[in-house]
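**Q** Structure here, sequence nowhere to be found:
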Ligand code: NAD
Ligand code: GLY
């Protein structure tokens with residue numbers, strides 16, 4: 001590990017763990033040795049990431065007995081059927097409770113593999129090795145794992161924390177531009193939730209991020225992970241403020257489910273969802289038009305959509321948004337903005353304005 005590697009801590013008592021961020025970490029045998037207690041490791045990856053990075057990881061896991069499960073690539077495979085394939089691999093090779101499941105890939109691999117680790121023999125060790133920007137700034141941190149259901153995104157899953165997160169920024173070099181932008185949606189989200197200085201930094205540095213300047217990327221990943229770790233440490237199981245991390249997600253999940261999983265990238269749906277939450281907040285008189293303009297401008301500069309797809313109308317949106325984990329006793333709650341960096345979770349808004357917002361985008 002180089003002296004430049006950043007190490008953050010997710011502070012969860014006995015389940016606390018480090019996040020390593022830096023260059024050259026995928027092949028760092030010492031980090032794996034530090035966090036893998038048994039002898040056997042099941043690496044879960046997919047057909048895109050495997051050919052790129054599996055060899056490097058296997059070389060660094062030379063001290064262990066390692067097997068691999070290679071999943072099909074894509075959000076549409078984030079299903080119970082794919083999840084089951086991990087158990088097939090674990091059982092066919094007689095893995096016991098001392099084993100470690102290591103997720104090598106983006107958020108889809110991490111979410112499915114984490115959910116398998118949570119359930120195999122009621123829970124085995126788990127390590128996240130995220131290889132997309134989105135997974136490095138969000139999905140690998142905080143212990144949310146799960147799969148989609150045809151009727152709702154991420155509706156089946158468990159909270160299950162990894163033993164560490166290893167975010168090798170070199171892996172971002174092979175990510176295509178569209179995926180890089182999708183990750184930036186979640187980065188922008190952190191600024192808008194509670195970190196105005198970070199939002200302002202992003203306004204000034206978005207071009208550096210888009211051109212993948214290592215220093216800028218490392219800063220954005222570290223700051224995002226720190227923001228997320230703080231929220232998770234305060235509310236691991238989402239009894240309250242963790243729901244803030246879902247800014248843009250109620251609209252976004254409706255888009256993902258509505259257009260069909262994988263048609264819009266998760267980050268793209270979140271980006272449009274953030275702008276929709278901003279528009280509703282403006283209509284409620286909570287956010288000035290000038291601030292909304294700054295949000296839409298930044299999202300647009302990050303090459304992300306600022307409006308939802310044309311083919312989802314008001315009634316379909318409302319139907320899809322009703323299948324949301326923030327719904328309590330049938331009442332929809334949303335994350336809205338009372339300023340830049342001042343998001344709130346609330347069910348206390350004028351639903352007519354929600355309908356007007358959805359109509360504004362309806363064609
Ligand atoms: P993804 O996992 O589908 O990865 C995007 C694409 O990039 C895939 O085709 C993948 O194979 C490929 N890829 C991965 N790493 C690569 C690399 N280094 N080089 C080239 N290609 C690479 O998508 P994602 O954006 O990483 O994650 C989205 C998923 O994460 C969604 O399912 C979303 O619901 C979930 N998510 C979960 C949480 C959480 O807290 N658990 C938070 C945010 C998002
Ligand atoms: N991505 C939302 C959360 O981790 O809570």
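**A** Structure's in. What do you need? Keep in mind it's a predicted model, so treat the numbers as computed, not measured. Residues are numbered from 1 along each chain as shown. Ligands and ions are numbered 1, 2, ... in the order given.

**Q** who touches the residue of the stretch 151-300 of the chain found nearest ligand 1 in this structure?
**A** Proximity of the stretch 151-300 of the chain to ligand 1 (CB to the nearest ligand atom) peaks at residue 174, 3.6 Å away. C-betas here are computed from N, CA, C, even on glycine. With contacts defined as CB atoms under 8 Å, 6 or more residues apart in numbering, the neighbours of residue 174 are residue 52.

**Q** per-residue confidence at it?
**A** The score at residue 174 is 98. That number is its pLDDT.

**Q** Distance-wise, check it relative to residue 74.
**A** Per CB to CB, to the nearest Å, residue 174 is found 17 Å from residue 74.

**Q** Just the pLDDT for the closest residue to ligand 2 within the stretch 201-350 of the chain.
**A** Taking CB to the nearest ligand atom, ligand 2 has its nearest neighbour within the stretch 201-350 of the chain at residue 245, 3.8 Å off. Confidence at residue 245, expressed as pLDDT, is 97.

**Q** quick one: contacts of stretch 278-297?
**A** Outside stretch 278-297, the residues touching it (CB under 8 Å, 6+ apart) are 188, 192, 203, 274-275, 306, 334, 336-340, 349-350, 353-354, 356-357, 360.

**Q** Kindly recompute the last result at 6 Å.
**A** Residues outside stretch 278-297 that contact it (CB atoms under 6 Å, 6 or more residues apart in numbering) are 275, 306, 336-338, 340, 349, 353-354, 357.

**Q** Please flag which of the residues you listed sit within helices.
**A** In helices, judged by DSSP state H, the following of these are found: 275, 353-354, 357.

**Q** can I get the residues you listed in a markdown table with neighbour count and distance to ligand 2?
**A** Compiled in a markdown table, these are given as follows (neighbours: other CB atoms under 10 Å; distance: CB to the nearest ligand atom, whole Å):
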| residue | neighbour count | distance to ligand 2 |
| --- | --- | --- |
| 275 | 23 | 18 |
| 353 | 16 | 25 |
| 354 | 21 | 22 |
| 357 | 22 | 22 |
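
**Q** Looking at the residues you listed, which two lie furthest apart in space?
**A** Maximum pairwise distance among the ones in helices among the contacts of stretch 278-297 (CB to CB): 15.4 Å, between 275 and 353.

**Q** Not counting its neighbours along the chain, what's nearest residue 108?
**A** Distances taken as CB to CB, 6 or more residues apart in numbering put residue 78 closest to residue 108, at 5.0 Å, once the chain neighbours are dropped.

**Q** what distance separates the top helix by length along the chain from the centre of its chain?
**A** The helix spanning the most residues in the chain, taking DSSP H as the definition, is helix 214-234. Remark: helix 214-234 is offset 12 Å from the chain centroid, using CA atoms, centre = their mean, to the nearest Å.

**Q** Name the residues of the stretch of helix or strand residue 84 belongs to that are buried.
**A** Applying DSSP states H and E as the criterion places residue 84 in helix 80-92. Across helix 80-92, burial judged by 16 or more other CB atoms under 10 Å covers 82-83, 85-86, 89-90.

**Q** Fine, thanks again, bye for now.
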